[in-house]
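Peer 1: take this sequence and fold it.
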Amino acid sequence: MNPDPSQPVLIGVAAAHQRIAEPGGGLDTTHLMIDAAVSAVTDAQRPAVGARVGWIGATRGLSALPDAARRIAEALGVHAHTVAADVGIPQQTLVNHALEAIRSGAVDVAIVCGGETKHRDDVARRAGIELPGHDQGGLVPDHEMSPAGEIVARPEIEVGAVAPVQQYAMIDNARRAAHGWSIDEHRDDIASIWHRFNEVARHNPRADFATPMTAEEIRDPGPANRPIAWPYNKWHNSQWGVDQAAALVFCSVAVAEELAVPRERWVFPHVGLESSLSLSLSRRAELHRWPAMQVLGVAAEAHVGRPMAAIDHVELYSCFPVAVRVQQVELGLDPQGTPTLTGGMAFAGGPFNNFVYQATVDMIERVRADPGSYGAVTAVTGLLTKPALAVWSTEPPAGGLLLADLVDDARRATREVPLDEDPDGEGVVATYTVVHAGTEPARVCAIVDLDSGARAVAAVDDPDLARDATTTDLIGNRVKVHGRALET
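Peer 2: Here you go, the predicted model:
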């Protein structure tokens with residue numbers, strides 16, 4: 001099959017990585033991203049590719065670089081349109097914009113890049129060393145992408161249930177109730193999937209945290225696995241203390257042929273799907289589900305012509321165990337499977353606002369090594385809020401590239417409930433988590449289904465109740481709510 005000359009194709013990928021021990025050593029985020037971008041251009045195996053770059057998009061992470069893309073352009077010796085994507089914009093969105101720029105003929109070559117050097121920053125901070133600022137003074141990107149919509153509702157903020165680990169823990173506990181599991185059965189399920197991810201990371205040379213761990217070591221809190229928000233411990237969390245960057249290089253089939261990029265470097269995007277629906281957790285009728293991701297999966301299956309379960313290689317976004325478990329259900333994947341090539345964000349490392357690109361590098365390398373196969377990479381933005389899904393193959397898409405924001409379909413598929421922001425009444429606990437002070441249970445944060453039919457968010461500082469709530473399930477218990485105060 002001869003692909004359409006305007007069809008976008010990925011021709012180069014690279015990941016950059018460092019693990020410094022000397023305070024002040026190593027590259028800063030900007031230069032680690034430059035390293036990845038230059039290496040990705042080299043991966044296309046044609047030096048002329050770099051001179052044709054006309055569009056560069058970069059995510060902003062903890063370092064909040066104003067315009068890292070401009071520095072990448074300078075390193076390549078080109079003038080390019082630069083784009084910066086803030087936290088809250090799905091990482092796939094930046095890829096989709098690059099693909100559209102290629103498909104429309106606006107540019108010949110586009111680069112998407114992200115990076116983070118939190119480990120380097122932490123090493124310096126612990127040593128009392130102040131690192132010099134990134135050389136970004138005065139730089140302003142040509143286009144900035146910022147999120148819109150509510151990610152966290154006001155009552156969630158007021159009870160302090162805003163940290164991702166707390167919200168994801170509440171989603172996971174709601175999943176336990178939906179399955180009718182005991183607390184022990186639930187904790188074993190979480191440990192089982194994460195143990196399998198750990199096993200994959202052991203064989204990933206890029207993984208930052210590949211030390212073997214048993215399921216019990218992952219499940220149970222301890223000195224090296226402190227409890228954070230029940231049932232999650234440290235090693236249930238994405239580990240963002242890493243120095244990682246990645247870059248992807250795109251052009252059209254016509255440009256790839258003109259530059260004589262070897263055919264074995266080509267990988268075609270088949271779908272680039274997302275939903276920009278932003279709905280806070282307490283407003284969702286089904287706390288254990290993510291209908292928007294199911295919407296993306298159904299659309300991808302229809303376009304690719306095979307079920308998601310038949311995709312050869314899969315990397316699910318893995319910030320917390322429940323993100324993986326919910327995606328497996330919504331995409332129709334085998335719950336006994338291990339949907340990762342990297343080992344996931346807890347064990348390979350989760351560079352802030354960049355992991356999707358790290359995972360895509362691994363996926364592209366995998367499908368190149370397995371010609372004709374299909375690979376899927378998902379993205380999660382917010383608190384299981386905005387999903388995204390890409391499918392890749394060395395074979396061109398028979399129906400062309402599908403790029404879409406399926407926000408309207410996602411909205412129709414997602415049931416909402418009213419949120420009472422000034423509640424005073426009774427109801428039952430829909431889900432909850434226990435927040436720790438150090439290693440001790442200290443606070444219960446809950447979402448409550450009120451008898452009125454509305455939802456409420458409330459909390460109580462009660463170490464005894466918090467401790468009991470880690471062994472005796474509170475979901476389904478009747479409670480009283482006055483404002484933000486929870487009474488059991």
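Peer 1: in contact with residue 11, which residues?
Peer 2: Residues in contact with residue 11 (CB atoms under 8 Å, 6 or more residues apart in numbering) are 43, 44, 49, 249, 250, 251, 256, 261, 265, 266. The C-beta positions use only the backbone N, C-alpha and C, and glycine is treated the same way.
Peer 1: which SSE is it in?
Peer 2: strand 8-18 (DSSP states H and E).
Peer 1: so how far is that strand off the chain centroid?
Peer 2: Offset of strand 8-18 from its chain centre (CA atoms, centre = their mean, to the nearest Å): 18 Å.
Peer 1: and the angle from the next helix or strand after that strand to strand 8-18?
Peer 2: Per DSSP H and E, the first helix or strand lying C-terminal to strand 8-18 is helix 29-43. On the basis of axes from the mean of the first three to the mean of the last three CA atoms, to 10 degrees, helix 29-43 is oriented at 130 degrees to strand 8-18.
Peer 1: mind putting the contacts of residue 11 into TSV with neighbour count?
Peer 2: Below are the contacts of residue 11 laid out as TSV (neighbours: other CB atoms under 10 Å):
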residue	neighbour count
43	20
44	24
49	26
249	28
250	27
251	27
256	27
261	22
265	21
266	20
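Peer 1: among those, which ones are in strands?
Peer 2: Residues of the contacts of residue 11 located in strands (DSSP state E): 249, 250, 251.
Peer 1: so what's the first one up against?
Peer 2: The contact partners of residue 249, by CB under 8 Å, 6+ apart, come to 10-13, 40-41, 43-44, 49, 53, 109-111.
Peer 1: possible to save those as a markdown table with distance to residue 445?
Peer 2: Listed next are these as a markdown table, based on distance: CB to CB, whole Å:
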| residue | distance to residue 445 |
| --- | --- |
| 10 | 42 |
| 11 | 48 |
| 12 | 45 |
| 13 | 41 |
| 40 | 43 |
| 41 | 47 |
| 43 | 46 |
| 44 | 49 |
| 49 | 51 |
| 53 | 47 |
| 109 | 48 |
| 110 | 43 |
| 111 | 42 |
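Peer 1: closest one of the ones in strands among the contacts of residue 11 to residue 410?
Peer 2: Proximity of the ones in strands among the contacts of residue 11 to residue 410, judged by CB to CB, is greatest for residue 250, which lies at 26.1 Å.
Peer 1: from residue 128, how far out is that closest one?
Peer 2: For residue 250, the distance to residue 128 (CB to CB, to the nearest Å) stands at 43 Å.
Peer 1: that older thread, ok, so of the ones in strands among the contacts of residue 11, who is nearest residue 154?
Peer 2: Of all the ones in strands among the contacts of residue 11, residue 154 sits closest to residue 250, with 40.4 Å by CB to CB.
Peer 1: tell me the pLDDT of that closest one.
Peer 2: What the model reports for residue 250 is a pLDDT of 98.
Peer 1: ditto for residue 382
Peer 2: On the pLDDT scale, residue 382 is placed at 88.
Peer 1: check contacts around it.
Peer 2: So residue 382 contacts 88, 147, 151, 278 (CB under 8 Å, 6+ apart).
Peer 1: and the second one, what is it in contact with?
Peer 2: Each residue near residue 147 by CB under 8 Å, 6+ apart is listed here: 86, 87, 88, 89, 278, 381, 382.
Peer 1: just the buried ones from these?
Peer 2: The neighbour count (16 or more other CB atoms under 10 Å) marks 87, 88, 89, 278, 381, 382 as buried among these.
Peer 1: I'd like those laid out as CSV, including distance to residue 136.
Peer 2: Below are the buried ones among the contacts of residue 147 laid out as CSV (distance: CB to CB, whole Å):
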residue, distance to residue 136
87, 17
88, 20
89, 19
278, 29
381, 24
382, 26
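Peer 1: with that, I have no additional questions.
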